[in-house]
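>>> Build me a model from this:
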Amino acid sequence: MPGIKIGDFTLFTWYGLIIMSGAVLAAYMASREAKRRGYDPEIVWDALIWVLIAGIIGARIWHIFTPSPSLQAQGITTEYYLTHPLDAIWTRNGGLGIPGAVIGGVIALYFFTRKRGFSFWVWADIAAPAVALGQAIGRWGNFVNQELYGAPTSLPWAVHIDPPYRLPGFENFETFHPLFLYESIWNFASFLFLTWLGRRYPEKLKPGDLFLIYLVLYPVARFALEFIRLDSAQIAGLNANQTVMAVVAVLALLALFLRHRKPASAAA
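Sure, this is the predicted structure:
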C-alpha cells in the first residue's frame, strides 16, 4: 500500500490516513449537530472510540466471510482466514468491508447509548449525516490503492489503473469506471440531504427517521454500483453486497412506512 516509509517499515499508509481523517471529520460534524440539538458534544468523542473499534472489527469480519473472486483465485478464502488467524487480523494489506463497518458501528452505538442511558434513535440520527460524510472521504483511500473500480470505459472521467492492479482478464484495459468516485459523490450528496432534512423538517421527523433514511440512501447506491463492479463477492451464486443492500433498503423503507402510516380511524 502507498504510504510513508522509514526504510522497509511503513509508518502509515495513505489509505489508513484517509480513513481516519474521514472518521475524525465525521465525529466533528456529529459533535456540532449534537451541540445544535442541545446535547453535550463531548459525548460524540466518547462514543467515537467504541464505534471505531467495533467498525474496524465488523469491516474485517465482513471481508473474511465475503472474499472477492480475485482473492479466492489466489487461495485467500474464508477457510484460509479461519486457519490463519494472524492473517485474519492483519489489516495493513487492506481487506475492510464498509457494510461490516456500518453494522459494527451501529452495534457499538447501541451499547454505548444503553450504557449511558441515552436514546439510541436520537444519537443514530445525529450520527447518520456524519457517517455519510465520513464514507465520502474514506472512499478516496480506494483511489490511492487503485481499487474499487468498475468495468472498462473510455469516458472522460475514467480512472487509469496501473497493470499490477488490474484484475485477471482485464490486463489489456487501461481505464475503468471510478466506482469509488461515484460512491463518494453519492455519500456527500446524502450528507447534505440528511443535514438539510433534519433541520428543515424537525417537527415531522420521528427519532430514528434520519438513520432509517440513511439505510435507504446508501444501500440503493451500493446496489446500483454493484452492476458495474468487476470483483464482487459471491455467496451461493448471489452478489453478497447487492443482496444485503437490497434487504436493508427494503426493511428500512418498510420501517419508515409503518412509523408514519396514519391509523385506520384517522384516515377514515
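>>> So what's the residue count around residue 232?
17 (other Cβ atoms under 10 Å). Using the backbone N, CA and C atoms, a C-beta is placed for each residue, glycine as well.
>>> actually residue 66, not the one I typed
20.
>>> Surely it touches residue 236?
No - taking Cβ atoms under 8 Å as the definition, residue 66 is not a contact partner of residue 236, at 11.7 Å.
>>> Follow the chain on from the helix or strand hosting residue 80 and name the next helix or strand.
If you go by DSSP states H and E, residue 80 is part of helix 78-83. Scanning forward in sequence from helix 78-83 by DSSP H and E, the next helix or strand is helix 85-89.
>>> Rounded mean pLDDT for the helix or strand just after that following helix, please.
Where DSSP H and E defines the elements, the next helix or strand beyond helix 85-89 is helix 98-116. On average, the pLDDT along helix 98-116 is 94.
>>> what does helix 98-116 contact?
For helix 98-116, contacts defined as Cβ atoms under 8 Å, 6 or more residues apart in numbering pick out 43, 46-47, 50-63, 118-120, 123-124, 127, 131, 135, 138, 218, 222, 241, 244-245.
>>> Which elements pack onto the next helix or strand after it?
Counting by DSSP H and E, the next helix or strand C-terminal to helix 98-116 is helix 120-138. When contacts are defined as 3 or more Cβ pairs under 8 Å, 6 or more residues apart in numbering; DSSP states H and E, helix 120-138 packs onto helix 14-36, helix 42-65, helix 98-116, helix 179-200, helix 209-225.
>>> if you compare those helices, which one is most tucked away?
Each of the helices and strands packed on helix 120-138 was scored by mean neighbour count; the highest is helix 209-225, a mean of 21, by mean count of other Cβ atoms under 10 Å.
>>> That one packs against which elements?
If you count contacts as 3+ Cβ pairs under 8 Å, 6+ apart, helix 209-225 packs onto helix 120-138, helix 179-200, helix 240-260.
>>> can you list contacts of the helix or strand hosting residue 142?
Using DSSP H and E, the element containing residue 142 is helix 140-144. Contacts with helix 140-144, where a contact means Cβ under 8 Å, 6+ apart, come from 2, 14-16, 18-19, 148, 159, 178-181, 184.
>>> JSON lines for those, including pLDDT?
Shown next, in JSON lines, are these (pLDDT from 0 to 100):
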{"residue": "2", "pLDDT": "65"}
{"residue": "14", "pLDDT": "83"}
{"residue": "15", "pLDDT": "83"}
{"residue": "16", "pLDDT": "83"}
{"residue": "18", "pLDDT": "91"}
{"residue": "19", "pLDDT": "90"}
{"residue": "148", "pLDDT": "86"}
{"residue": "159", "pLDDT": "96"}
{"residue": "178", "pLDDT": "96"}
{"residue": "179", "pLDDT": "95"}
{"residue": "180", "pLDDT": "94"}
{"residue": "181", "pLDDT": "96"}
{"residue": "184", "pLDDT": "96"}
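>>> quick one: which of the residues you listed is nearest to residue 75?
Closest approach to residue 75 among the contacts of helix 140-144 (Cβ to Cβ): residue 148, at 22.1 Å.
>>> That closest one and residue 177 touch, don't they?
No - with contacts counted by Cβ under 8 Å, residue 148 stays clear of residue 177, the gap being 9.9 Å.
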